[in-house]
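K.L.:
When you get a sec, could you give me coordinates for this:
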Amino acid sequence: MKYVISADIGTQGTKTAVVGEDGRIVASAFRPSNLIRGEGGVVEQDPEEMFRSVTDGIREALEASGVPPESVAAIGLDGQMAGILGIGRDGNAVTHYDSWLDVRCEKYIPAMKAWGEEELIRITGCPVSYAHGPKKLWWKHERPETYRDIAKFVVPSAYVAGRLAGLGADQAFIDYTHLHFSGFADVERMKWSQTLLDAFGIDREKMPNIVKPWDVVGELTKRWADETGLPAGVRIVAGCGDTAAATFGAGLVRPGQWLDIAGTASVLTCVVDRYRPDAETKTLLYARSVVPGLWAPLAYISGGGECLAWFRKLVSPDAGPGHSFDELNALAESAPPGSDGLLFVPHFGGRTCPNNTDLRGSWIGLNWSHGKAAMYRAIQESIAYEYKMYLGTLEKLVGGIDYEQGTVVGGGASGHVFNQIKCDVLGLPLRTMSRQDSALVANAVVAGYGVGLFPDLAGTVTSFVSFGAAYRPDPDRHAKYEAYARTYRKAVDALIDLYGSLK
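P.N.:
Numbers count the residues shown, from 1 in each chain. Okay, here's the model as predicted:
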């Protein structure tokens, strides 16, 4: 039996696992993230802490697994996608990790849009948002001395892989599943766009090499072999973004399959075989799938799942009795569809898809009878209403889509009520996976394929997928939700006008 080390560098923490060539997770470890928040929308992470979360996690998982270190064939990683950090010539970080949750770059979003957002979307596949493009401009104009020290801008998975392999800046890379977030790449041709780089004065030499997720980028150095308990020379593949890994790991390998990633961000994605960037509504981010030739257009609420955690904290103070998520879900189940006329808007930090920095969160339609049950259910319903808009936009772009049964992954997938709400609002069947760590298995398949352990990508990952609970839409509830979804859309449009007038 051969094994692969898999690491998922997420927002809430890093999960590391030892995965067998049969797709079984033998042992895993978790290291929580330390998000450094400050005034003015600052959200950072310490790159060294991020890196150590992987090395420490590898050692813990390897020791717990009992697997002989010499049987490990490869290391594969995925990571947060819309944030960046800068490295110096030696491959070490010269900036903090500028998180995807950090909004300091907001002032540079209008400048990128003014250049010609429709053309920019056609090139990059992505509307302008709090991602790499505005962030690079922020570093260039707000921290010019640091910008001069940056040899390459990289993403977390590439940073960690590069450190493990001892790569310098000349060998720095970004895999193609991240390109839509990069701000300056031609995603269809898989190369940097000199037109965009010149337009915004970004140095081409600060852009890393573009590679495939399964490309072998290096080998584990002796220093980090000693730290992790692995033998030196274990091959390291480029890896991919966390959303790409979750999508691939859930078995989305053919057109028509769709996925709900119910995490800190609420993400809806679908697999198609055509590149149709959303230059009109500027809602969908047209990402490349791990599988060659396929695309995974997606849209997300940057703090969708975080809104649920916020409400739980609001009604469960640190001192005294509180509510678990199970208890809140039970309360939500007692409220009627539509939450007795209560609407919630989940865009606490501005809307991402389509981007609108003015919009903020709110409840609409509160009356004296509303309590925690209706309020919590309204939060869940708002995420489903957003998903409905995303699918409507996708259908207009691509044409008729023959949807298969959807799959839900992430922490929110354990919520029976939440799953049924999304199923009823969308009018589409939904199912959970028997195991939620789809990204960890995806990394193992990508890495194993890169080193010849597996013969193909799609066939291998689908053989590892198994499903759990299944949900089917209720026709009566779906009919009621059709009206509520239309009202929600009108309410959001009205709030955009309202908040815009207050500037």
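K.L.:
what ranges do the helices span in the stretch 51-200 of the chain?
P.N.:
In the stretch 51-200 of the chain, the segments counted as helices under DSSP state H, counting those that start in this stretch are 109-124, 132-142, 144-149, 156-165, 194-200.
K.L.:
Got the domain ranges for this structure?
P.N.:
The chain resolves into domains spanning 3-238, 251-434+466-503 when parsed by automatic domain parsing.
K.L.:
Ranked by average pLDDT, which of these falls at the bottom?
P.N.:
Among the domains of the chain, domain 251-434+466-503 carries the lowest mean pLDDT, at a mean of 92.
K.L.:
quick one, which residue of the protein lies the farthest from its center?
P.N.:
Each residue of the chain has a distance to the centre, and by C-alpha atoms, centre = their mean the biggest one is for W368: 37.8 Å.
K.L.:
Now for that residue: which residues touch it?
P.N.:
W368 sits next to no residue when contact means C-beta atoms under 8 Å, 6 or more residues apart in numbering. For glycine as for every other residue, the C-beta is placed from the backbone atoms N, C-alpha and C.
K.L.:
Distance check, it against L259.
P.N.:
40 Å (C-beta to C-beta, to the nearest Å).
K.L.:
Please apply the same query to V271.
P.N.:
Note on V271: its distance to L259, by C-beta to C-beta, is 8 Å.
K.L.:
more neighbours, these two?
P.N.:
Neighbours per residue, other C-beta atoms under 10 Å: of V271 and L259, the larger number sits with L259, 27 against 22.
K.L.:
Next, the more buried one: secondary structure please.
P.N.:
Judged by DSSP: H, G, I helix; E, B strand; the rest coil, the three-state class of L259 is strand.
K.L.:
The one 10 residues further on too?
P.N.:
Each residue gets one of three states, and T269 gets strand by three-state DSSP.
K.L.:
what's near enough to touch the residue nearest to V408 when sequence neighbours are not counted?
P.N.:
Using C-beta to C-beta, 6 or more residues apart in numbering and skipping residues adjacent in sequence, the residue nearest V408 is D260, 4.3 Å away. For D260, the contact set (C-beta under 8 Å, 6+ apart) comprises S266, V267, L268, Y387, G406, T407, V408, V409, G410, A413, K422, L430.
K.L.:
The first one contacts G305, correct?
P.N.:
Yes - with the criterion set as C-beta atoms under 8 Å, S266 and G305 qualify as a contacting pair; they are 5.7 Å apart.
K.L.:
Compare those two (neighbour count), which wins?
P.N.:
Shown here are S266 and G305; by other C-beta under 10 Å, S266 has more neighbours (28 against 25).
K.L.:
Quick check: that one vs L220, distance?
P.N.:
S266 is 36 Å from L220, by C-beta to C-beta.
K.L.:
For the stretch 351-500 of the chain, which segments are assigned as strands?
P.N.:
If you assign secondary structure with DSSP state E, counting those that start in this stretch, the strands in the stretch 351-500 of the chain sit at 362-364, 406-409, 430-433, 467-471.
K.L.:
Please tabulate those in JSON lines, including the columns mean neighbour count and distance to P346.
P.N.:
Supplementary listing: these in JSON lines, determined by neighbours: other C-beta atoms under 10 Å; distance: least, C-beta to C-beta, whole Å:
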{"stretch": "strand 362-364", "mean neighbour count": "16", "distance to P346": "9"}
{"stretch": "strand 406-409", "mean neighbour count": "24", "distance to P346": "17"}
{"stretch": "strand 430-433", "mean neighbour count": "21", "distance to P346": "19"}
{"stretch": "strand 467-471", "mean neighbour count": "15", "distance to P346": "21"}
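K.L.:
The contacts of D260 into TSV, with extra columns for distance to V234?
P.N.:
Written out in TSV, the entries for the contacts of D260 read as follows (distance: C-beta to C-beta, whole Å):
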residue	distance to V234
S266	36
V267	31
L268	36
Y387	40
G406	36
T407	31
V408	34
V409	28
G410	29
A413	32
K422	40
L430	38
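K.L.:
What residues are bridge-paired with the nearest residue to I9 once chain neighbours are set aside?
P.N.:
Counting by C-beta to C-beta, 6+ apart, the nearest residue to I9 once its immediate chain neighbours are dropped is G79, at 3.7 Å. The partner list for G79 in beta bridges (DSSP bridges) reads I9, G241.
K.L.:
Now do the contacts for G79.
P.N.:
With C-beta under 8 Å, 6+ apart, G79 has these contacts: D8, I9, G10, V155, P156, S157, A158, V160, G239, G241, D242.
K.L.:
most surrounded residue in these?
P.N.:
G239 (38 neighbours).
K.L.:
what about it, distance to V160?
P.N.:
Taken as C-beta to C-beta, the span from G239 to V160 is 9 Å.
K.L.:
hang on, G293 packs against V272?
P.N.:
No - the criterion here is C-beta under 8 Å, and G293 misses it with V272 at 10.6 Å.
K.L.:
Pull out the CA atoms of stretch 220-232 and give them to me as CSV.
P.N.:
Only the C-alpha atoms of stretch 220-232 are listed here, as CSV (Å, rounded to 0.1, in the frame of the first residue of the first chain):
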residue,chain,number,x,y,z
LEU,A,220,10.9,17.4,0.3
THR,A,221,14.2,18.8,1.6
LYS,A,222,16.1,17.1,4.4
ARG,A,223,15.4,19.9,6.8
TRP,A,224,11.6,19.5,6.5
ALA,A,225,11.9,15.7,6.2
ASP,A,226,13.5,15.7,9.7
GLU,A,227,10.8,18.1,11.0
THR,A,228,7.9,16.0,9.6
GLY,A,229,9.1,12.5,10.0
LEU,A,230,9.1,11.8,6.3
PRO,A,231,12.1,10.7,4.2
ALA,A,232,13.8,13.4,2.1
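K.L.:
Settle it for me: which of G293 and V272 has more neighbours?
P.N.:
For G293 and V272, the more surrounded residue by other C-beta under 10 Å is V272, and the numbers stand at 21 against 7.
K.L.:
Who are the contact partners of the more buried one?
P.N.:
When the contact criterion is C-beta under 8 Å, 6+ apart, the partners of V272 are P255, L294, W295, A296, P297, L394, V398, I401.
K.L.:
Wasn't the first one part of a strand?
P.N.:
Yep, that's P255 we're talking about. No - with three-state DSSP as the criterion, P255 is located in coil rather than a strand.
K.L.:
Need the contacts of G79 in JSON lines (columns: distance to M112).
P.N.:
Listed next are these as JSON lines, based on distance: C-beta to C-beta, whole Å:
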{"residue": "D8", "distance to M112": "30"}
{"residue": "I9", "distance to M112": "27"}
{"residue": "G10", "distance to M112": "27"}
{"residue": "V155", "distance to M112": "19"}
{"residue": "P156", "distance to M112": "23"}
{"residue": "S157", "distance to M112": "25"}
{"residue": "A158", "distance to M112": "23"}
{"residue": "V160", "distance to M112": "28"}
{"residue": "G239", "distance to M112": "27"}
{"residue": "G241", "distance to M112": "21"}
{"residue": "D242", "distance to M112": "24"}
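K.L.:
Can you pick out the most distant pair from those residues?
P.N.:
G10 and A158 (15.6 Å; C-beta to C-beta).
K.L.:
Can you say which of the domains of the chain is nearest to G448?
P.N.:
Among these, domain 3-238 comes nearest to G448, with 5.3 Å by C-beta to C-beta.
K.L.:
Can you give me the end-to-end span of that closest one?
P.N.:
From the first residue to the last, domain 3-238 extends over 17 Å; the measure is C-alpha to C-alpha, to the nearest Å.
K.L.:
so what's A17 bridging to?
P.N.:
Under the criterion DSSP bridges, A17 forms beta bridges with S6, S28.
K.L.:
list the contacts for it?
P.N.:
I5, S6, A7, I25, V26, A27, S28, A29, A61, D437, L440, A444.
K.L.:
cool, and R235?
P.N.:
The neighbourhood of R235, defined by C-beta under 8 Å, 6+ apart, consists of A73, A74, I75, V216, G218, E219, L220, G450, V451.
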